[in-house]
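> Sharing a model that was predicted from the sequence below.
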Amino acid sequence: MTDITASQAAAMPPSTSSLLAPDARVRRRNAAEARFRSYGLAAIVLALMALVWLLFSIFGAGLPAFRQTVIQFPVTLEAGKLDKDGGRDPAALAKVTTVTYAKVLSASLKAAIADKGIQAEGLTDKQITGMFSQEAPAMLRRAVLADPGLIGQTITFDAYAAGRIDGYYKGRVTLESASRDSNVTPEQLHLADALKEAGMLSTPFNPGFLAMPDASDKRPEAAGLGIAVLGSAYMMVVVLVLSLPIGVAASIYLEEFAPKNRLTDLIEVNIANLAAVPSIVYGILGLAIFINMAGLPQSAPIVGGLVLTLMTLPRIIIPTRAALKAVPPSIRDAALGVGASKMQSVLHHVLPLAAPGILTGMIIGLAQALGETAPLLLIGMVAFVRDFPAAPPAGLFDPASALPVQIYNWTQRGDPGFVERASGAIIVLLAFLLVMNAVAIILRRRFERRW
Amino acid sequence: MKDVLTENAVTSHTTKISARKVQVFYGTNHAIKDVDVEILDKTVTAFIGPSGCGKSTFLRCLNRMNDTIPSCRVEGSITLDGENIYDKRVDPVQLRAKVGMVFQKPNPFPKSIYDNVAYGPKIHGLTRNKAELDGIVEKSLRRAALWNEVKDRLQTPGTGLSGGQQQRLCIARAVATNPEVLLMDEPCSALDPIATAQVEELIDELRANFSVVIVTHSMQQAARVSQRTAFFHLGHLVEYGETGQIFTNPRDPRTESYITGRIG
Ligand SMILES: Nc1ncnc2c1ncn2[C@@H]1O[C@H](COP(=O)(O)OP(=O)(O)OP(=O)(O)O)[C@@H](O)[C@H]1O
Ligand SMILES: [Mg+2]
């Protein structure tokens, strides 16, 4: 030993350089480190800029969807037009169509315009009727059918303005574009301005965007997310209820109990592969199994939920197993060493320690499922649905829509009003994801506090 | 050292654990070869030997902790009070309640100090009420010479203790279930001399009721606490006998070279 160190010392003379002046090697190393740090910083700055730009454009385009221009005026519900027999018989009332209500509305609007002394010359009846959305008579009709006592009274009614008028106050439509547009005339826009001056027209927050069902191509102003939100919520419930217990149980079994042999290796490889299978494949699987074989209804949240569960399960099992694997084996030994059974050691010690990781995996899986579009298209969730599904569990079998599909659907439509709606729906989707992440963080905190 | 040894002279005891022709394989690695040992009741038995010779492996056979290692295979027979612990009818959970274990590395549960000690009694239903459980926790912590340091912070996490304190917590956890045999794998490797002395005192105390098996790398410790010593080398049990005889008059040349510091 001693002579080896002695000969090494002879071969390598002690360094004489000063600590205060870095030598060339150290300078090169420091330069490399500085370069590496600047790459990292640049990557992060780029990513942040992209994120800011994305949020900026989505919020810029989508926030107006949460507001809606309405024209407020007194509407006289003449009994002579709406209920000719005067019996207030619901069956007879239901026979009166929106065409009649549109006439009632436009007569009242004309009266209101005259009342306020607003100049409306040069505007035809059709143009006056075109001031409000085609949805407005339908809304009035629903209100009357819900409360026939209104007939004969004069009520103050908030009529949705037509899509182009709405767009005028959101910067989508200008006087110049209106002159080339067959759907709106500059005169109508002048009238809208006059109505605004008179305090009859405003653009308040529009709860209908979140609550109302989808509307046809001609009336973007009436299209809402109600059914899509409900459908997505139903599906998430199905996914959570099925995939949490199944995923966690499967992970625990594979990680803690399963013998290590060919079969479990095969299962493991397959789970990893399934997690990478494109989601549209699950849509085809769902179509074949749940709709064609099991005969479940198309467009139903239960089918969507089942398909998304299939898709989510491997994506949950992988992080759950990783979380279980990350629990130090010494904890299992400790539990077994004091005479706990395998089950007790898992339930009392391993699972609580793995819970934060499991929850994070769960939430990420759910968030992916929430944003998934492709498999839902294949099982018919893209259908145009106007009727709200019933309360669960029966409602799980009613046709519904889903948020991402609704977004996709709206971007396909011609009217520029739907672009705004689609961006607004993206904001709602992002809000859902934020809430889910917040829940995950809160749950993590709670579990972690218990060590 | 002489008088320590005479003080520890063994009085005749019944056999608690008896191992016959035990072989242990990790896959193809033959880790324990043909080991025969009789571990006596109310006696401290020390396992000594160079690192990697199979002391921990053999110790883990005695409460079937090796069952948790998939590649591990045990052959031969080991009996506890005359009953074969590798019999198909034996539930390892029940066995481990009788044969407690303290591991080489301290491994407290990430729970409070109280819950660490109370866990064993709770799952075995040893207590009827909270007061009894409190009593067991206090007694166990006192036995592990830890009570005075932690009595004011029983609800703080056990993982927040120092390494030596954690090891004593693990000892308290192991004695709380009142096992008949206590297996200790280098319980003092993380302890300072004072805590070591306390643990050795505890071991000596436990001898009145339990049979204790301790793995140690310290010859002095083996000599101080044990009545019988087994020397392992490369998976073989080279020599097993009274501690005094092993240390003063080893029969096998390998034992002699180990205790005089030539193999290791
Ligand atoms: N889990 C395992 N898997 C495979 N081989 C193992 C395992 N544990 C131990 N071995 C092997 O068994 C042999 C004995 O190991 P063991 O841990 O019993 O040694 P030891 O005497 O306790 O050593 P030390 O004093 O360092 O703790 C070693 O060759 C080791 O490589
Ligand atoms: Mg060891």
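Nice, thanks for sending it over. Ligands and ions are numbered 1, 2, ... in the order given.

> What strand or helix carries B:I32?
Using DSSP states H and E, B:I32 sits in strand B:29-40.

> so what strands line up beside that strand?
strand B:15-26 (antiparallel) (DSSP bridges).

> circling back to that earlier point, now for whichever helix or strand comes after the strand holding B:I32, which elements pack on it?
Scanning forward in sequence from strand B:29-40 by DSSP H and E, the next helix or strand is strand B:44-48. For strand B:44-48, the packing partners by 3 or more C-beta pairs under 8 Å, 6 or more residues apart in numbering or on different chains; DSSP states H and E come out as helix B:55-61, strand B:211-215, helix B:219-225, strand B:228-233. C-beta: built from backbone N, CA, C; applies to glycine.

> Tell me which residue in chain A sits closest to ligand 1.
Nearest residue of chain A to ligand 1: A:P329, at 9.8 Å (C-beta to the nearest ligand atom).

> roughly how far apart are that residue and B:V102?
As judged by C-beta to C-beta, to the nearest Å, A:P329 and B:V102 stand 16 Å apart.

> just to revisit the earlier point, and the helices and strands packed on strand B:44-48, which is most packed in?
Among the helices and strands packed on strand B:44-48, the stretch with the highest mean neighbour count (mean count of other C-beta atoms under 10 Å in any protein chain shown) is strand B:211-215, at a mean of 27.

> chain center to it: distance?
4 Å (C-alpha atoms, centre = their mean, to the nearest Å).

> packing partners for that strand?
strand B:29-40, strand B:44-48, helix B:55-61, strand B:181-185, helix B:193-206, helix B:219-225.

> Kindly format the C-alpha coordinates of that strand as PDB.
Extracted C-alpha coordinates of strand B:211-215, given in PDB (Å, rounded to 0.1, in the frame of the first residue of the first chain):
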ATOM      1  CA  SER B 211     -35.500 -16.000  23.500                       C
ATOM      2  CA  VAL B 212     -33.500 -13.400  21.700                       C
ATOM      3  CA  VAL B 213     -31.400 -13.900  18.500                       C
ATOM      4  CA  ILE B 214     -29.100 -11.000  17.600                       C
ATOM      5  CA  VAL B 215     -27.000 -10.500  14.600                       C
END
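
> how about the helices of the stretch 51-200 of chain B, start to end?
B:55-61, B:92-98, B:113-123, B:130-143, B:147-150, B:163-176, B:193-206 (DSSP state H, counting those that start in this stretch).

> Same list (these) but as a markdown table, adding mean pLDDT and distance to A:P90.
Below are these laid out as a markdown table (pLDDT from 0 to 100; distance: least, C-beta to C-beta, whole Å):
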| stretch | mean pLDDT | distance to A:P90 |
| --- | --- | --- |
| helix B:55-61 | 93 | 81 |
| helix B:92-98 | 90 | 71 |
| helix B:113-123 | 93 | 66 |
| helix B:130-143 | 92 | 67 |
| helix B:147-150 | 91 | 77 |
| helix B:163-176 | 90 | 75 |
| helix B:193-206 | 86 | 88 |
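
> and B:V35, what does it touch?
B:A19, B:K21, B:V22, B:F58, B:G76, B:F232, B:H236, B:L237 (C-beta atoms under 8 Å, 6 or more residues apart in numbering or on different chains).

> ok, now how distant is it from B:A144?
According to C-beta to C-beta, B:V35 stands 30 Å off from B:A144.

> what's across from the closest residue to chain A within the stretch 151-264 of chain B in the sheet?
In the stretch 151-264 of chain B, the residue that lies nearest chain A is B:P157 (4.9 Å; C-beta to the nearest C-beta). Beta-bridge pairing for B:P157 (DSSP bridges): B:S112.

> before we move on, back to that, neighbour count winner among A:P329 and B:V102?
B:V102 (27 against 12; other C-beta atoms under 10 Å in any protein chain shown).

> list the contacts for the closest residue to the more buried one other than its chain neighbours?
Once flanking residues are discounted, B:V102 sits nearest to B:M184: 4.4 Å by C-beta to C-beta, 6 or more residues apart in numbering or on different chains. Residues in contact with B:M184 (C-beta under 8 Å, 6+ apart) are B:M101, B:V102, B:I171, B:I203, B:V212, B:V213, B:I214, B:V215.

> Go ahead and confirm the fifth one touches B:L206.
What that stands for is B:V212. Yes: counting by C-beta atoms under 8 Å, B:L206 is a contact partner of B:V212 at 5.5 Å.

> hey, what's in contact with both of the two?
Shared contacts of B:V212 and B:L206, counting by C-beta under 8 Å, 6+ apart, come down to B:L182.

> how about A:L430, secondary structure?
Secondary structure for A:L430, judged by DSSP: H, G, I helix; E, B strand; the rest coil, is helix.

> B:R251 in helix, strand or coil?
From three-state DSSP, the assignment for B:R251 is coil.

> Counting neighbours, what do you get for it?
11.

> can you pull the contacts of it?
B:E239, B:G241.

> Check the gap between it and B:F231 for me.
Distance of B:R251 to B:F231, given as C-beta to C-beta: 10 Å.

> shared neighbours of the two, which are they?
With C-beta under 8 Å, 6+ apart as the test, B:R251 and B:F231 both reach B:E239.

> Which residue, other than its chain neighbours, is closest to B:C53?
Closest to B:C53 by C-beta to C-beta, 6+ apart is B:F232, at 4.4 Å.

> so that neighbour bridges to which residues?
On the basis of DSSP bridges, B:F232 is bridged to B:L237.

> can you check the one 10 residues further on too?
Counting by DSSP bridges, B:E242 is bridged to B:R228.

> Is it correct that it is in contact with B:Q227?
Yes: contact criterion C-beta under 8 Å: B:E242 and B:Q227 qualify, at 6.8 Å.

> Counting neighbours, go ahead and name the busier of these two.
Taking neighbours as other C-beta under 10 Å, B:E242 and B:Q227 compare with B:Q227 leading, 21 against 17.

> distance of the residue lying farthest from the centre of chain B from ligand 1?
Distance from the C-alpha centroid of chain B, by C-alpha atoms, centre = their mean, peaks at B:N129 (29.7 Å). Per C-beta to the nearest ligand atom, to the nearest Å, B:N129 is found 41 Å from ligand 1.

> Show the pLDDT at that residue.
The model reports B:N129 with a pLDDT of 89.

> okay, now A:G86: neighbour count?
Around A:G86 there are 11 other residues, counting by other C-beta under 10 Å.

> Pretty sure it sits against A:A92.
No: when contacts are counted by C-beta under 8 Å, A:G86 is not listed as touching A:A92 (9.6 Å).

> Spatially, and excluding backbone neighbours, which residue is closest to A:A374.
In space, A:A374 is closest to A:I280, 4.0 Å off (C-beta to C-beta, 6+ apart).

> The one you found: how many residues sit nearby?
16.

> I'd say it and A:P375 touch.
Yes: counting by C-beta under 8 Å, A:P375 is a contact partner of A:I280 at 6.0 Å.

> Correct me if wrong, but A:V26 is in a helix.
Yes: under three-state DSSP, A:V26 sits within a helix.

> do you know how far B:L59 is from B:V213?
B:L59 is 6 Å from B:V213, by C-beta to C-beta.

> Could you do A:L63 as well?
73 Å.

> ok, now A:A438?
As for A:A438, its distance to B:V213 is 53 Å (criterion: C-beta to C-beta).

> Could you do B:L146 as well?
B:L146 is 22 Å from B:V213, where distance means C-beta to C-beta.

> try A:R219
For A:R219, the distance to B:V213 - C-beta to C-beta - is 84 Å.

> With A:N183 instead?
From A:N183 over to B:V213 the distance is 92 Å, taken as C-beta to C-beta.
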